[in-house]
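1. Structure, please.
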Amino acid sequence: MDKNVDPNKRYTLADAVQIVKKNATAKFDETVELHVRLGVDPKKTDQSVRGVVVLPKGSGKKKIIAVIAKGEKAKDAEAAGADFAGDADLIEKISKGWTEFDVLVATPDVMKDLSKLGKILGPKGLMPNPKSGTVTLNVVQAVKELKAGRAEFKMDDSANLHAAVGKASFSAEDIAENTRSVLTAINSARPTTAKGVYIRSVTLTSTMGAGVRIAHEALLAASV
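-> Residues are numbered from 1 along each chain as shown. Next comes the predicted model:
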């Protein structure tokens, strides 16, 4: 346990960010992560929590974006900043095992062709999905948001959520702003069937650092 962190204390966001930055002493630029414990039943499909949020200060990570779309939409995606854009040619390339991209965006009309690649894309978490905003007709907006720092959050089987909110090299203000945006998005994604306390605990940490608990209620009240 890090001596700078009191495990029984819940810190303000400002103090938590300062502690996390101070504890990020690895030789690489550590990722700052938000961990949220939810008060929902992960076994009930109507209580799953998933969504996307554009980080106002970016993610600090350059994402390689591939887009599968037909004709002009593929050209539009490339013009918007996609690293790879195509149709049957990209599908063929992926079918042979190529997955040198971080996010795959597709238009709805090509999903039937992509379904054949489930065994390749599925295990890597690369299959486009409407809930994550990666199946869309507006490929230009998707590419721009992903390049700017759009982050996806998805609850795991233990009702926990994990989301990157920047890098340790970010300013404290930028990390705090990204954190507030993600928390607000998670709060807004509350299932209507969820009962009782929805967000049970919030912890901020860096890749190699200790977790710092945050007093999140005031943050959420301020965002309403």
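2. Show me how far stretch 136-143 is from its chain's centre.
-> 17 Å (C-alpha atoms, centre = their mean, to the nearest Å).
3. Flag every buried residue along that stretch.
-> Residues 136, 139-140, 142-143 are the ones in stretch 136-143 that count as buried (16 or more other C-beta atoms under 10 Å). C-beta here means a position set from N, CA and C on the backbone, and glycine is covered the same way.
4. Filter the residues you listed down to the ones in helices?
-> 139-140, 142-143 (DSSP state H).
5. Can you add pLDDT and give those residues back as CSV?
-> Conversion of these to CSV gives the following (pLDDT from 0 to 100):
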residue, pLDDT
Val139, 96
Val140, 95
Ala142, 93
Val143, 94
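6. what's the most distant pair in those residues?
-> Val140 and Ala142 (7.3 Å; C-beta to C-beta).
7. Which residues in stretch 164-183 does the neighbour count mark as buried?
-> 164-168, 170, 174-183.
8. ok so, going back, of the ones in helices among the buried residues of stretch 136-143, which is the nearest to Met155?
-> Of these, the one sitting nearest to Met155 (C-beta to C-beta) turns out to be Ala142, at 22.3 Å.
9. so the closest one makes contact with Thr136?
-> Yes - under the criterion of C-beta atoms under 8 Å, Ala142 makes contact with Thr136 at 5.2 Å.
10. Check the contact lists of those two and give me the overlap.
-> Contact with both Ala142 and Thr136 is made by residues Val105, according to C-beta atoms under 8 Å, 6 or more residues apart in numbering.
11. what's in contact with the lengthiest helix in the chain?
-> When the chain is scanned for its longest helix (criterion: DSSP H), the result is helix 172-188. By C-beta under 8 Å, 6+ apart, the residues outside helix 172-188 that reach it are 13-14, 17-18, 20-21, 32, 34, 36, 49, 51-57, 151, 153, 161, 163, 165-166, 170, 198-199, 202, 204, 216, 219-220, 223.
12. got it, and stretch 38-54?
-> Contacts of stretch 38-54 (C-beta under 8 Å, 6+ apart): 131-133, 145, 148-161, 163, 181-182, 184-186, 188-191, 193-194, 196-200.
13. Report how many residues lie close to Glu30.
-> 20 (other C-beta atoms under 10 Å).
14. Only the buried residues of stretch 53-71, if you could.
-> For stretch 53-71, by 16+ other C-beta under 10 Å, it's 53-55, 57-60, 65-69.
15. and if you look at stretch 14-27?
-> 16-21, 23-24.
16. picking up where we left off before, can you tell me which of the buried residues of stretch 164-183 is nearest Leu126?
-> Ala164 (17.2 Å).
17. which stretches of this protein have low pLDDT?
-> In the predicted model, the chain carries pLDDT under 70 at residues 1-3, 221-224.
18. tell me the domain boundaries of it?
-> The record's domain split for the chain, according to automatic domain parsing, is 13-59+149-223, 65-147.
19. May I see the ones you listed arranged in a markdown table, with distance to Val5 as well?
-> As requested, these are exported to a markdown table (distance: least, C-beta to C-beta, whole Å):
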| stretch | distance to Val5 |
| --- | --- |
| domain 13-59+149-223 | 5 |
| domain 65-147 | 31 |
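20. Lovely, talk soon.
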